[in-house]
Each structure stands twice: as structure tokens, then as C-alpha cells.
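>>> with the sequence up front, the predicted model follows.
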Amino acid sequence: MSRPRRDPRAERKAHAVPAARPRFDLGATPSAPPPRPRRDPRRALAAATVRDTPRLRLDRMQGESRPVAEALARPLPRPEAPAVRRVEAPAFHVLAVLDAPDGRLSRLDRQVLAAARILADARKDEAGAVLALGARPVEGAGAAGADRLALLPALGADDPALALAALRAVDEALAPRHVLFGETGVGGDLARRLAVARREPVMTAIEHFTARAVARPTKGRRAERAGPPPRLMTLGEDRVADYAGLPCEARPLDMEVPAVPAEAGVWDVETIVADPASLGLSDSDFVVSAGNGVTDFEGFGALARALGATPGASRVVCDAGLMPREAQVGASGTVLAANCYLALGIAGAPQHLQGIAGCEHVVAVNTDLHAAMVERAGLAIVQDAQAVIPALLALLAQRRGGRP
């Protein structure tokens, strides 16, 4: 049982006698001061809580005057469905021909869709629709700016004549105002073939793009060709920012393409997989790098081979002679443009982060939760790299059924 808490100042004030000078009568019965009202902090918080928003908001000015039951009885509003941009009756179409390797949008594909969105929204008096064409279903086309999505399996054919015939049929059926391609090996070749078949000019490798004018370098970059956006054009990489507006509908559109007889232009097609270890870092799509936190480089090499990735390293590892100099990743080494980058035991120096700025997905393994590489990564594993490497090898062996 605890003793009652005494307040000496209150007791002294209770024995005070009214006089010119301070006088106290210790024998007199003290008059107890009125007790202070006790506040319930939980009740005050509940009364001040505003229940109209999903986030916690407090109204201290009117919280005490509102009954607690009334404040708690008000239901939270249901979250509204995200707004979707819809174009029901487009005045014209803008075609965006996508490469979409492995059924996913590449960085250039997103930029092509963003450029098509700019052209479709160029005029306020008429609404245009962006039609994305791909060989297989893709995810995220609506968020990238596509109003319609049509599948043309012939675009993924090994014979470019079949892809050209299917694309030409769509072009003749819809008569789009613009047709955009990415300046890649597949997209650039298809754009040039369509220009020859339609006998129309094409502007390739555009570096400056707006709704009113486009430009590209000519004559060894000593001159520039500029003009209004033509009907057929190819876009260089990193020339247009990704679409950041409201998600579009990406409504599936059934295209009736006439059957094209297969010609004997291509007899046999075989995909030759290159050895990732022999690829340069700038050409690889998947890079696994070792940092100062990796000591077992035999296990690191085995993991790179099991993942089918190109091995890389940080500057510290290359300076120590543990990895060759051509494996160095960073501004002072090789600048990457890989789809996936796995950093094992790399803290993330500024020059190293500059070298992986073009990587789409970054996975970091580090014991430091506040490392710069962990902040840059889309997925981080806070663990010692020496423990993660054998765990990944065991998981890969289990999934492959013991096959190398």
C-alpha cells in the first residue's frame, strides 16, 4: 500500500493567517483546497478524433464539446475506386507498337506510350485514343497511357514479312493519325518496312519530341532535322518522360486481321543463348555484383552461373584484385542498363549508384538497414551476404530438382 502523496506548498498555504506580514497558525485546522478536476486523456482523444477521413485527424477546438459516443458512432467512408480515364468515341487513333519482351513493358515501351498519349491529347477540341499493339498480353498498359489494347500474335513471328502484313492490315483498317515505334532492332526494322510498304516518309531515332515538333540529328550530328510530327516515326530511348496522369482504360480490342500465307522467307529459327559470363556488363540484362561483404567468391561465381547472370563487382573488390577490372560497376567502371541488378554486400557509394541508375529493378543484400544501396533497392534483404548465397543456391537446386 503506497503512502498518500503530500504537497508541502499546499499544506503551508492552508495554515496561512491573513495579516500584513506572512503568518501561519499550525494549530488551526487547515482548509483543504478544492481538488483539481481530473482529465481522462483517452476520453479527450476519442472526443477530438475526426471520423470523416481514413487518416487520424484531431479537432482539439471542438473535441471536448462533442459527445464521445457520437464521435465514435460515425462510420468511416468507404475508399472510392480509383478514377480511370475513358475515351468512348475517339475522333482518331494513335498506334503505339510495343516490343514487350517476355510479355512486360520495357522502359522504351512506356516512353512510346507516353509519346502517343501526348499526340492523342494535343488538341482540346477532339479526343484521341492510344491503341497499344503487342504480340502477347502485357500488364500495366493502362497505367502507361493506353486507351485500347489489341493483340497481334503475328508481331512476334520470326518472319518479319508476317509481322508487316498484320500491321499493315491494322493500319489500313483504322487509318491512325500517327504510328509510333521504339528505335530498337525489332521496332525500328518494322517501322522502316511499313514506310516502304505504304510509300510514306518515316522519321527515325527522334531525340526531341513534343506535340507540335520533333527533331533528330543528321549528317553525323552536325545538323538537325526538325518538323511537325510525321505519321510514322521511331522514338529514341529516354526522350519522353513516362505518363503520370490518370490510369487509362486499356480496353481490349478485337482486331480481325486477314490470314496471311506463310512465305518461305525464314526456314528455321533457333535462339542461341549467349553465355552470361562472356557478355559485357553493358550488354547484360541481369547482373549480380559482389561487394566488400562477400568473401566466398567461389560461391558467388556459382550463384551467378545458377541465376544465369553476368558477374560484377564494386570498386573496392576490384582494387583488392578479387575481381577483374572489367567487372567494376559504377561511374568509374561500367554504367549498366540491366533489367535486374542484384547487389551482394555493397553499401552503395555515389559513383556505384550512378552506374546502376538505368537499372529497372534493384535487389540489395546488406546487413546495414540504412545503407544507400538498401534505400535505392526495390527489394532489400537485411542479412549477411555470406548466409544468403548458399541459401539461394540451395533454393535454386531444389526448384531444378538437382539439375545443374
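Good, I have the coordinates. Numbers count the residues shown, from 1 in each chain.
>>> for this protein, which segments count as helices?
Assignment of helices within the chain using DSSP state H yields the ranges 8-14, 41-48, 68-73, 107-120, 160-174, 185-198, 297-307, 315-319, 350-355, 372-376, 385-399.
>>> compare these and report which one is nearest to Arg60.
Closest to Arg60 of the helices of the chain is helix 41-48 (Cβ to Cβ; 5.5 Å). All C-beta spots, glycine's among them, are computed from the backbone N, C-alpha and C.
>>> can you flag the weakest of the helices of the chain by average pLDDT?
Set side by side, the helices of the chain give their lowest mean pLDDT on helix 68-73, at a mean of 52.
>>> output the helices of the chain as TSV; include the columns mean neighbour count and distance to Ala337.
TSV is the format used below for the helices of the chain (neighbours: other Cβ atoms under 10 Å; distance: least, Cβ to Cβ, whole Å):
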stretch	mean neighbour count	distance to Ala337
helix 8-14	11	74
helix 41-48	14	52
helix 68-73	12	55
helix 107-120	25	9
helix 160-174	18	25
helix 185-198	17	15
helix 297-307	17	18
helix 315-319	19	19
helix 350-355	18	10
helix 372-376	19	16
helix 385-399	15	24
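>>> stretch 88-99: end-to-end distance?
26 Å (Cα to Cα, to the nearest Å).
>>> avg pLDDT for it?
94.
>>> so what's Val317 up against?
For Val317, the contact set (Cβ atoms under 8 Å, 6 or more residues apart in numbering) comprises 290-292, 294, 323.
>>> and the residues you listed, which is closest to Leu279?
Nearest to Leu279 among these, with distances taken as Cβ to Cβ, is Met323, at 15.4 Å.
>>> I'd guessed that closest one sits against Val316; true?
No: contact criterion Cβ atoms under 8 Å: Met323 and Val316 do not qualify, at 10.0 Å.
>>> can you tell me how far Leu164 sits from Glu172?
Computed with Cβ to Cβ, to the nearest Å, the distance linking Leu164 and Glu172 is 12 Å.
>>> can you list the contacts of Val317 in JSON lines and add distance to Ala127, pLDDT and neighbour count?
Shown next, in JSON lines, are the contacts of Val317 (distance: Cβ to Cβ, whole Å; pLDDT from 0 to 100; neighbours: other Cβ atoms under 10 Å):
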{"residue": "Ala290", "distance to Ala127": "53", "pLDDT": "97", "neighbour count": "32"}
{"residue": "Gly291", "distance to Ala127": "51", "pLDDT": "95", "neighbour count": "26"}
{"residue": "Asn292", "distance to Ala127": "56", "pLDDT": "93", "neighbour count": "16"}
{"residue": "Val294", "distance to Ala127": "55", "pLDDT": "95", "neighbour count": "25"}
{"residue": "Met323", "distance to Ala127": "55", "pLDDT": "94", "neighbour count": "22"}
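>>> of the residues you listed, which pair is most distant in space?
Asn292 and Met323 (11.7 Å).
>>> please name the nearest non-neighbouring residue to Pro22.
Closest residue in space to Pro22, ignoring its immediate chain neighbours: Ala16 at 7.1 Å, by Cβ to Cβ, 6 or more residues apart in numbering.
>>> the one you found: what's it in contact with?
22-24.
>>> give me the buried subset of those.
Neighbour-count burial (16 or more other Cβ atoms under 10 Å) is assigned to none of these.
>>> my read: Ala306 touches Leu395, true?
No: Ala306 lies out of contact with Leu395 (Cβ under 8 Å); the separation is 9.6 Å.
>>> with only the CA atoms kept, save stretch 101-116 in CSV.
Output in CSV follows, covering the C-alpha atoms of stretch 101-116 (Å, rounded to 0.1, in the frame of the first residue of the first chain):
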residue,chain,number,x,y,z
PRO,A,101,9.8,-8.7,-74.4
ASP,A,102,8.6,-11.6,-72.3
GLY,A,103,5.2,-10.0,-72.1
ARG,A,104,6.2,-7.0,-70.0
LEU,A,105,6.6,-3.3,-70.9
SER,A,106,10.1,-2.2,-71.3
ARG,A,107,11.3,1.3,-70.4
LEU,A,108,11.2,2.3,-74.0
ASP,A,109,7.7,0.8,-74.4
ARG,A,110,6.4,3.1,-71.6
GLN,A,111,8.0,6.1,-73.3
VAL,A,112,6.5,5.2,-76.6
LEU,A,113,3.0,5.0,-74.9
ALA,A,114,3.7,8.4,-73.2
ALA,A,115,4.6,9.9,-76.6
ALA,A,116,1.4,8.5,-78.1
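>>> residues in contact with it?
Contacts of stretch 101-116 (Cβ under 8 Å, 6+ apart): 94-100, 130, 132, 136-141, 144-146, 178, 180-184, 209, 235, 237-243, 360.
>>> noted, bye for now.
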